[in-house]
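>>> coords please:
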Amino acid sequence: MRATAVGPGHRRALSAAATTMAACLLAGCSSGGGGAEGEPALGLVANNPDTVSLSFPVDAYTDSEADNRRMELVQDRITSECMARYGFQYAGSAGSLEQLPAGTAEDRHRYRYGIADPAYAARYGYDKRAGAGPRAKPARPELSDSALVVLKGLNPGESVGSRPDAASDEEAAQTDSGISVGGKPVPPGGCGREGYRKLYAPTKDSVDLLFAFGLSTQAFDRAKNDSRVRDVTAKWSACMAEAGYAGIETPYDVVEKLGLTEDKGGARAVAAAVKDVACKREVNLVGVSAAVETAYQNRLVEEHAETLALYKKQRDARFKLAASMS
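Predicted coordinates for the structure are as follows:
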């Protein structure tokens, strides 16, 4: 699979994609059923596992938040080196490699099945932002028109797509952007795209960066439509109805159905979240859902083993490059 073209927003667009997936999980997005192979057999079904302990097969091919942060910094460094070839300074928006966060256990699946932590629910309700302010980033320096031409690979007034681009760094070497600055040809898509290509798409056989992300989404969608997940979700819904929260079909509907969108951390939200988590634990919703999703992921990993092996090889090369720039 070829690398997906990513514009000057490069790594930030990928962070947005991860956010979109999280939102999709919470909203219950769907793109299909369980597939023609039928429902897979389950392995161990853990009893009310903490979300921090959840581990899925596709996790081995997806970056943690710490990995994302590190790659963002390295991509900015590569972009900055490209800009320096034309005499421009570019600090990017991520800061220096020394600003990496200290390593901690990451709960990357915290909200996969809605709120699941009793202590968090009792304190914050459905407010996922509580206790975690935005990551501070240095302000971007103002860039001259010439510097913006080099960064974006576009002359003033031109729109994205109006000039030749390249899906990989290998192709970029043979692609003329039609723009020169200081007598030097600007890479197709500018230094922003060069930073992305050198890190994520160095060769024509580079696997789409979002390939593993797509498999995870497919597995989630298929699991959500699996009879065992539908059954445990129906039991959760009945538990919620008995507690006075009738008409809520899935854990992804609670905030909207109860009108909590503008007050996710208030008293009503906390009360609902506490009961929500209690009902999940009563029926083991997280344990069953995770087991079913794992089974679908195993099936997809086996089906796409060759592409995933290539992706892992290329991912290891990215990490090696990142380490060399630390």
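>>> For residue 92, which non-adjacent residue is closest in space?
residue 76 (3.1 Å; C-beta to C-beta, 6 or more residues apart in numbering). (Glycine included, C-beta is placed from N, CA and C.)
>>> and that neighbour, helix, strand or coil?
helix (DSSP: H, G, I helix; E, B strand; the rest coil).
>>> so it sits right up against residue 192, yeah?
No. The criterion here is C-beta atoms under 8 Å, and residue 76 misses it with residue 192 at 9.9 Å.
>>> More neighbours: those two, which one.
Using other C-beta atoms under 10 Å, the more surrounded residue of residue 76 and residue 192 is residue 192, with 26 against 22.
>>> after the strand or helix carrying that one, next one along is what?
Using DSSP states H and E, the element containing residue 192 is helix 190-200. Going down the chain from helix 190-200, the next helix or strand is helix 211-224, by DSSP H and E.
>>> Go ahead and measure how far that following helix is from the middle of the chain.
When distances are taken as C-alpha atoms, centre = their mean, to the nearest Å, helix 211-224 is centred 12 Å away from the chain's centroid.
>>> cool, and stretch 162-182?
How far stretch 162-182 lies from its chain's middle: 28 Å, per C-alpha atoms, centre = their mean.
>>> Stretch 46-65 now?
Its chain's C-alpha centre and that of stretch 46-65 lie 14 Å apart, by C-alpha atoms, centre = their mean.
>>> Touching it from outside, list them.
Residues outside stretch 46-65 that contact it (C-beta atoms under 8 Å, 6 or more residues apart in numbering): 71, 105-113, 116-117, 211-213, 215-216, 219, 280-281, 284, 286-287, 290-291, 293-294, 297-298, 300-301, 308, 311-312, 315.
>>> Sort out for me which of those are in helices.
Taking DSSP state H, the ones among the contacts of stretch 46-65 that sit in helices are 71, 211-213, 215-216, 219, 280-281, 286-287, 290-291, 293-294, 297-298, 300-301, 308, 311-312, 315.
>>> among these, which ones are buried?
With burial judged by 16 or more other C-beta atoms under 10 Å, the buried subset of these is 71, 211-213, 215-216, 219, 280-281, 286-287, 290-291, 293-294, 297-298, 300-301, 308, 311, 315.
>>> how long is stretch 255-275 from one end to the other?
Chord length of stretch 255-275, first to last residue, is 13 Å (C-alpha to C-alpha, to the nearest Å).
>>> Please work out the average pLDDT along that stretch.
Model confidence over stretch 255-275, given as mean pLDDT, is 97.
>>> what about the nearest residue to residue 298 once chain neighbours are set aside, neighbour count?
Leaving out its chain neighbours, the residue that sits closest to residue 298 by C-beta to C-beta, 6+ apart is residue 57, at 5.4 Å. Close neighbours of residue 57, defined as other C-beta under 10 Å, add up to 21.
>>> Look up how far residue 308 lies from residue 57.
The spacing between residue 57 and residue 308, counted by C-beta to C-beta, to the nearest Å, is 10 Å.
>>> Need the residues touching each of these two.
With C-beta under 8 Å, 6+ apart, residue 57 and residue 308 have common neighbours residue 301.
>>> ok, the residue nearest to residue 298 to residue 300 distance?
Distance of residue 57 to residue 300, given as C-beta to C-beta: 8 Å.
>>> next one: residue 241
Taking C-beta to C-beta as the measure, residue 241 falls 34 Å from residue 300.
>>> and if you look at residue 256?
For residue 256, the distance to residue 300 (C-beta to C-beta) stands at 30 Å.
>>> what's the answer for residue 53, then?
Taken as C-beta to C-beta, the span from residue 53 to residue 300 is 22 Å.
>>> low pLDDT regions in the chain?
Within the chain, the segments meeting pLDDT under 70 span 1-36, 93-105, 131-141, 326.
>>> Now with 80, please.
Counting by pLDDT under 80, the chain shows low-confidence ranges at 1-37, 92-105, 130-141, 326.
>>> Can you show me the helices along it?
Counting by DSSP H, residue ranges of the helices within the chain are 10-27, 65-84, 118-124, 145-152, 169-172, 190-200, 211-224, 227-242, 254-257, 267-283, 285-303, 305-324.
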